[in-house]
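S.K.: 3D model of this:
(chains A and B)
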Amino acid sequence: MYKYDSYDQQMVDARVADFRDQVRRRLDGSISEEQFRPLRLMNGLYLQLHAYMLRVAVPYGTLSSAQMKMLGDIADKYDRGYGHFTTRQNIQYNWIKLEDAPDILADLASVEMHAIQTSGNCIRNTTSDQYAGAIADEVVDPRPYAELIRQWSTFHPEFSFLPRKFKMAVIASDTDRAAMRLHDIGIQIVKNAAGELGAAFYVGGGMGRTPMVAPCINEFVPIDQMITYSEACLRVYNRHGRRDNKYKARIKILVHELGKDEYTRQVEAEFAHLLTQGIEPPLAELERIKVQFADPAFATGLVDTLDRSDPDFALWVDNNTHTHRIPGYVVVTISLKPVGGIPGDASADQIRLMGDLAKDYSFDELRVTHAQNIVLPHVQKAELYALWQKLDAAGLGTANLDKIGDIIACPGLDYCSLANARSIPVAQKISQRFAAREQEIGELKLKISGCINACGHHHAGHIGILGVDRKGVENYQLLLGGSEGADTSLGTITGPGFDENGIVDAVEKATDVYLANKEGEERFLDTYRRIGMAPFKEAIYG
Amino acid sequence: MKILTGNDLKTGDVTWWTGEGWSRHVEEAVDVGEHGEEIAARENALRHVVAPYVIDGARTEEGIRPAHIKERIRALGPTVRLDLSLKPADPAAGNWVI
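M.R.: Numbers count the residues shown, from 1 in each chain, chains lettered A, B, ... in the order given. Presented below is the predicted three-dimensional model:
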């Protein structure tokens, strides 16, 4: 894992001191809310429906045991005993007091964490593949490149006041586990025929009110020019992005309006210019970062089999573990989606327990996934049963990864001041309705947003649900056919919306159509793509 | 009726204008009539409240009811965590929101 050097620590400590002074001046009246608001947002502090909300950055979703335990302690000490893991691989606290915020940031800084780049029109916290460094299908561990982007983007003077927020993701395998093509810039680290590393750039994707899948504008940028190319992409956007209209200010609109070819032409011209300026970080810095992502001390000669005699354990293994690139190890995903629970929420005790288990079973490392779950990336098979027993005893043993109960849901109108409808109650009802059938239904990614901003990724759900406000009453639209993987696609609205109970019935009708038409090992998405929307509409509205 | 609401500057708690000060409980809110913006500006300047605004509401048999569901959720707390709401002992409290 990356460890702060003295510069990193000084920057974060200085930021805490700055914010402490800013809060003091806000409370004593030296500055107004209008003056203070952008300052608190630059430190991840929002004013939400019930209180201040603090969003803490988890760079590329990677955490140490000590960091995770601090997140649990903060939940107890300053909040109401829980935290909410988000689709940006971050964590949010919903009940923060302004006067406590500087102390929280100081506690975070003590474990090399902060809340920078979690709000505002800057380059936000970069996301990545939650299985990075553990899975066999990657060409290289993408995290050193994500860390390089973090260092380049943090406090970048030219890109601190962009036309709108800017989200980047970095992956290094063809199996996209980070919704890469639905980002402002998605980077896939690739190898060319000569075995050289490069970066494929996908620019102009995003969800929100105008969802778009990012086109590839350059299939191979040499890896030692990745930051320069990113700078060129940002510079063209910063120059031409629509600052006059918030709803047209994201880079996806610019790429769409200019056209991919013209946008690419301008980026290439800027890139050629920037190559003469020597802005690329020296390779020695990348090598310094890479050293910190070296493999842990994996044991060799381990037993590579499991005792599956406990059926509950076997079910969990089948659902929530992935093959590790090292024999004798597995990648474990801890579901934060218990039946009827709140997607992404974990109590302070659960957060601390996961931190302890990471230390005992996974080389001191955890990951937050964009699907609002937690990963222990390196677990010995021989220790898996003991780990599962501890997770299960703490309510963390749900066996439902990528099943219909593993729902992504934004906080919705229960917490969010932007939301139009509640997301969580719908997720809870669906989770309960399908609990007994989710293994039969198989892989089905269901995603719920409480407004058009799409924090719940509804456009990319095999089944998506969008909550809207219809004359003061919650109404839910149903979408089918979205995907965020290597086969990224955007869902299509089925037709008129439903009330809270009606949308659950509609989802059940859609799954019934799937099961009646499924061929072989088809997933819900495969069947939908083969038979089209018509049978689903007929069942739902007929 | 017109109700004035906002958040407490220090704690972020949802607050309602009572005519004399601010309360956590919407049932203590008063009709501010045409004076909402004026009171909001004054209280904002005194740092008694942050981001105040005027909403529509009605006086009902159950007490004062904000017109929009968003404001009713603000008044109660999250419907999915009634233990954290202002009525933790009432399992049916969420019905008031809908």
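
S.K.: OK, now which residue of chain A is nearest to chain B?
M.R.: Nearest to chain B in chain A, going by C-beta to the nearest C-beta, is A:Ala51, at a distance of 3.6 Å. All C-beta spots, glycine's among them, are computed from the backbone N, C-alpha and C.

S.K.: Confirm for me that that residue is in contact with B:Lys10.
M.R.: No: checked against C-beta atoms under 8 Å, the pair A:Ala51 and B:Lys10 is beyond contact range at 10.8 Å.

S.K.: Let me see the mean pLDDT of the helix or strand hosting A:Gln10.
M.R.: Element membership for A:Gln10, per DSSP states H and E: helix A:6-27. Taken as a whole, helix A:6-27 has a mean pLDDT of 97.

S.K.: for stretch A:507-523, same thing?
M.R.: 98.

S.K.: quick one: it to chain centroid distance?
M.R.: 28 Å (C-alpha atoms, centre = their mean, to the nearest Å).

S.K.: which of the residues in it are buried?
M.R.: A:507-511, A:513-514, A:518, A:522-523 (16 or more other C-beta atoms under 10 Å in any protein chain shown).

S.K.: who's in contact with that stretch?
M.R.: A:404, A:430, A:433-434, A:437, A:440-444, A:446, A:462-463, A:465, A:478, A:480, A:494, A:524, A:527-528, A:530-531, A:535-536, A:539-540 (C-beta atoms under 8 Å, 6 or more residues apart in numbering or on different chains).

S.K.: List buried residues within these.
M.R.: The buried subset of those - by 16+ other C-beta under 10 Å - is A:404, A:430, A:433-434, A:441-444, A:446, A:462-463, A:465, A:478, A:480, A:494, A:524, A:527-528, A:531, A:535-536, A:539-540.

S.K.: Strands of the stretch 1-150 of chain A, start to end?
M.R.: A:45-47, A:52-56, A:62-64, A:82-85, A:91-96, A:127-128 (DSSP state E, counting those that start in this stretch).

S.K.: what lines up beside the third one in the sheet?
M.R.: Read that as strand A:62-64. strand A:365-368 (antiparallel) (DSSP bridges).

S.K.: what do you get for the first one?
M.R.: Listed by DSSP bridges, the sheet partners of strand A:45-47 and their directions read strand A:52-56 (antiparallel).

S.K.: could you check the angle strand A:91-96 makes with the strand it pairs with?
M.R.: 160 degrees (axes from the mean of the first three to the mean of the last three C-alpha atoms, to 10 degrees).

S.K.: could you give the mean pLDDT of strand A:52-56?
M.R.: Averaged across strand A:52-56, pLDDT comes to 98.

S.K.: Show me the contact partners of it.
M.R.: The contact list for strand A:52-56, computed with C-beta under 8 Å, 6+ apart, reads A:44-47, A:71, A:74, A:86, A:90-94, A:96-98, A:101, A:104, A:108, A:113-115, A:118-119, A:415, B:12.

S.K.: Can you get me the centre-to-centre distance for that strand and its chain?
M.R.: Counting by C-alpha atoms, centre = their mean, strand A:52-56 comes out at 16 Å from the chain centroid.

S.K.: Pull out the buried residues from that strand.
M.R.: A:52-56.

S.K.: ok so, going back, I would like the residues contacting the helix holding A:Gln10, please.
M.R.: So helix A:6-27 is contacted by A:4, A:31, A:33, A:36, A:39-40, A:43, A:98-99, A:101-102, A:105-106, A:109, A:112, A:114, A:116, A:154-155, B:9-10, B:47 (C-beta under 8 Å, 6+ apart).

S.K.: Return the residues of chain B in contact with chain A.
M.R.: B:7, B:9-14, B:44, B:47, B:50-51, B:67-70, B:73-74, B:77-81, B:84 (C-beta under 8 Å from any C-beta of the partner chain).

S.K.: If we use 7 Å, what do you get?
M.R.: For chain B, the residues in contact with chain A (C-beta under 7 Å from any C-beta of the partner chain) are B:7, B:9-14, B:47, B:50-51, B:68-70, B:73-74, B:77-80, B:84.

S.K.: Could you list which of the residues you listed belong to strands?
M.R.: B:7, B:14, B:50-51 (DSSP state E).

S.K.: from those, which is closest to A:Glu219?
M.R.: Checking these against A:Glu219 by C-beta to C-beta gives B:Ala51 as the nearest, at 47.3 Å.

S.K.: How about the contacts made by that closest one?
M.R.: With contact set as C-beta atoms under 7 Å, 6 or more residues apart in numbering or on different chains, B:Ala51 has these partners: A:33, A:47, B:6-7.

S.K.: Need phi/psi at residue 88.
M.R.: Since no chain was named, I'll use chain A. The phi/psi pair for A:Arg88 (degrees, to the nearest 10) reads phi -100, psi 20.

S.K.: Run through the bridge partners of B:Trp17.
M.R.: Applying DSSP bridges, one finds that B:Trp17 bridges with B:Trp22.

S.K.: Looking at A:Ala51 and B:Lys10, which has the bigger crowd around it?
M.R.: Using other C-beta atoms under 10 Å in any protein chain shown as the criterion, A:Ala51 and B:Lys10 rank with A:Ala51 on top: 23 against 16.

S.K.: I'd say the more buried one and B:Asp13 touch.
M.R.: Yes: checked against C-beta atoms under 7 Å, the pair A:Ala51 and B:Asp13 is within contact range at 6.4 Å.

S.K.: The residue nearest to A:Ile279 when sequence neighbours are not counted: neighbouring residues, count only.
M.R.: Computed as C-beta to C-beta, 6 or more residues apart in numbering or on different chains, the closest residue to A:Ile279 that is not its neighbour in sequence is A:Thr228, at 5.8 Å. Using other C-beta under 10 Å, A:Thr228 has 22 neighbouring residues.

S.K.: A:Thr228 and A:Gln277 touch, don't they?
M.R.: No: using C-beta under 7 Å, A:Thr228 is not in contact with A:Gln277, being 8.2 Å away.

S.K.: In contact with the residue of chain A closest to chain B, which residues are there?
M.R.: Here A:Ala51 is in contact with A:94-96, B:12-13 (C-beta under 7 Å, 6+ apart).

S.K.: Quick one: residues contacting the residue nearest to A:Ile279.
M.R.: Applying C-beta under 7 Å, 6+ apart, the residues near A:Thr228 are A:271, A:274-275, A:279-280.

S.K.: Make a PyMOL selection of the buried ones in those residues.
M.R.: Restricted to buried positions by 16+ other C-beta under 10 Å, the PyMOL selection for the contacts of A:Thr228 reads:
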select buried, chain A and resi 271+274+280
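
S.K.: From the contacts of A:Thr228, which land in helices?
M.R.: A:271, A:274-275 (DSSP state H).

S.K.: Good, we can wrap up now.
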